[in-house]
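> got a sequence here, can you model it:
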Amino acid sequence: MDIGTEHVQCLIIGSGPAGYTAAIYAARANLKPVLYQGIQPGGQLTITTEVENYPGYPNGVQGPDMMIDFENQAKRMGADIRYGLATKVDFGSCPCRVLIDDEKWISADAIILATGASAKWLGLESEIRLNGYGVSACAVCDGFFFKGKEVCIVGGGDTAAEEALYLSKICSKVHMFVRKDQMRASKIMQMRVLETKNIQVYWNTEVEEILGEGKTEAVRIKNSLTGEISEIPVSAYFVAIGHQPNSEIFKGWLEMDESGYIKTVPGSTKTNIDGIFAAGDLQDKIFRQAITAAGSGCMAAIEAERYLSVLEHPVPSDHFQAASNNGER
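Okay, here's the model as predicted:
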C-alpha cells in the first residue's frame, strides 16, 4: 500500500538541545526545517532537575522549562515542530527518506539526526516486572510519589549524584549503590552527596534483585569484596547508570562505533552519507552535556545549509579545471 511521501528541504529528527538548536539555525537560514519530536519531546532534559551550568540562566533553570524555551524559540524562528516518531529509514537513494509512526514517509534534501540517548538498566527481571510500581529511571518524574519514604538509587556518575540529591530533599533516606570504590561523578557532585546527611553510600555494591509483589518493597544487594548479601527495605528503586544512543533504526546505513554511537567526521557533524548529519548525544559519548549538544546542533544546521547551497548552486566542473590551470587551491 502506498502510504505517501512528503518532501521537505531540511528534516530534523529529535527534540533535545541538539534538535531544537538545529531547528533555530536552520529556520534562520530559511531552510524551512521540519522537526519531529520523537517519543520524548525535549529529550533527557525533561527528566532533569535544576540545570546550573547552561550559560544564560544565572539562577539556574529546571530542565523541562529550559526545553520549553528552546522549543518556543525554534517555533518563533519559523520551524515546523511536529509530534511523531521515526520508525524506519531509507538512506539508499537520494533524497533520503524517514518513515514517521509507520504511516508516512518524509523525504528530505538534508537530514539532521538528533535522537539522543536513553537510560540503561541493569537487566534484572524485576526491573521489568516492577517498572511503574516503584521502579523507575527518572527520579524527577516519579520521586514525588515516594515523599517521606526510603528509596534507593543505582549509579555513581553525575546523573546518579544529581538524582540522589533531588530525592534527598523529598524522601526520608536515600540508599545509593555504587559498583566500585569511588564515584565517576564530578568532584563537586561527590562532595554534595557525601555531605548530605540522609544519603547513605554503599561502595563496591551490586543490586542482585528488587523484591516485592505488585510493588517495590526492598532490594537485595551484594558487596563485591566481602560477598556479604543483605536486604534493604525501600519503597522505590531508581536506576542512573548511563545511557545508550538511540541509533537502532540507522544500523546498516550509518557508520557507528561498538556502542552504537554515530561516527562523524572529526570537527564536523557529517556522517558517511552525504546530506545526513548527526548531532548531540547520538554521536557524543565523551561530553554529553546540554551545551555541547546545542553546539553540535548549530554545527549540523550550518553544515546542512552549506550542503544545500552546493546542491542548489553546483560549481561547474570547468571551474575546477580553470582553477587548476591557474594554480588555485
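> how close does Met256 sit to Val207?
Plainly put, Met256 is 29 Å away from Val207 if you go by CB to CB, to the nearest Å. Backbone N, C-alpha and C define where each C-beta goes, glycine included.
> which SSE is Gly38 in?
Using DSSP states H and E, Gly38 sits within no helix or strand.
> isn't it right next to Ala86, touching?
Yes - Gly38 lies in contact with Ala86 (CB atoms under 8 Å); the separation is 7.0 Å.
> anything in contact with each of those two?
Taking CB atoms under 8 Å, 6 or more residues apart in numbering as the contact rule, the neighbours common to Gly38 and Ala86 are 13, 115.
> count of neighbours near Ala108?
Close neighbours of Ala108, defined as other CB atoms under 10 Å, add up to 25.
> mind checking what secondary structure it has?
Put simply, Ala108 is strand when judged by DSSP: H, G, I helix; E, B strand; the rest coil.
> any weak-confidence spans in the chain?
Within the chain, the stretches with pLDDT under 70 are 1-3, 49, 315-329.
> could you list the domains of it?
For the chain, the structural domains run 6-118+244-312, 122-240, going by the TED database.
> from Ile100, how far off is Ser206?
Small correction: residue 206 is Glu, not Ser. Distance from Glu206 to Ile100, by CB to CB: 41 Å.
> which of those two has more neighbours?
Under the criterion of other CB under 10 Å, the comparison of Glu206 against Ile100 puts Ile100 first, with 21 against 15.
> ok, and the closest non-adjacent residue to that one?
Spatial nearest neighbour of Ile100, excluding adjacent residues (CB to CB, 6 or more residues apart in numbering): Gly84 at 4.4 Å.
> please report the distance of that neighbour from Leu11.
Counting by CB to CB, the gap from Gly84 to Leu11 is 11 Å.
> before we move on, what about His175?
Distance from His175 to Leu11, by CB to CB: 45 Å.
> which one's more surrounded, these two?
For His175 versus Leu11, neighbours defined as other CB under 10 Å are more numerous around Leu11 (30 against 24).
> wait, a helix at the more buried one?
No - using three-state DSSP, the assignment for Leu11 is strand, not a helix.
> thought Trp121 was touching Phe238?
No - counting by CB under 8 Å, Trp121 stays clear of Phe238, with 11.2 Å between them.
> list residues touching both of those two?
Ala137.
> what about these two, which has more around it?
Using other CB under 10 Å as the criterion, Trp121 and Phe238 rank with Phe238 on top: 28 against 15.
> quick one: the strands in the stretch 201-329 of the chain?
205-211, 218-223, 229-233, 236-239, 243-245, 276-278 (DSSP state E, counting those that start in this stretch).
> compare the ones you listed and report which one is nearest to Tyr261.
Closest approach to Tyr261 among the strands of the stretch 201-329 of the chain (CB to CB): strand 243-245, 4.9 Å.
> name the helices or strands packed onto that closest one?
Helices and strands touching strand 243-245, by 3 or more CB pairs under 8 Å, 6 or more residues apart in numbering; DSSP states H and E, are strand 117-119.
> using PDB, write out every CA atom in whichever helix or strand comes after the strand it packs on.
Where DSSP H and E defines the elements, the next helix or strand beyond strand 117-119 is helix 125-129. This file holds the C-alpha atoms of helix 125-129, laid out as PDB (Å, rounded to 0.1, in the frame of the first residue of the first chain):
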ATOM      1  CA  GLU A 125      13.800  -9.400  35.500                       C
ATOM      2  CA  SER A 126      12.400  -7.400  38.500                       C
ATOM      3  CA  GLU A 127      13.200  -4.100  36.700                       C
ATOM      4  CA  ILE A 128      10.700  -5.100  34.100                       C
ATOM      5  CA  ARG A 129       8.200  -6.700  36.400                       C
END
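> and the strands in the stretch 1-150 of the chain, which stretches?
Remark: strands assigned in the stretch 1-150 of the chain by DSSP E, counting those that start in this stretch are 5-13, 34-36, 50-51, 61-62, 80-82, 86-90, 96-100, 104-113, 117-119, 135-136, 150-154.
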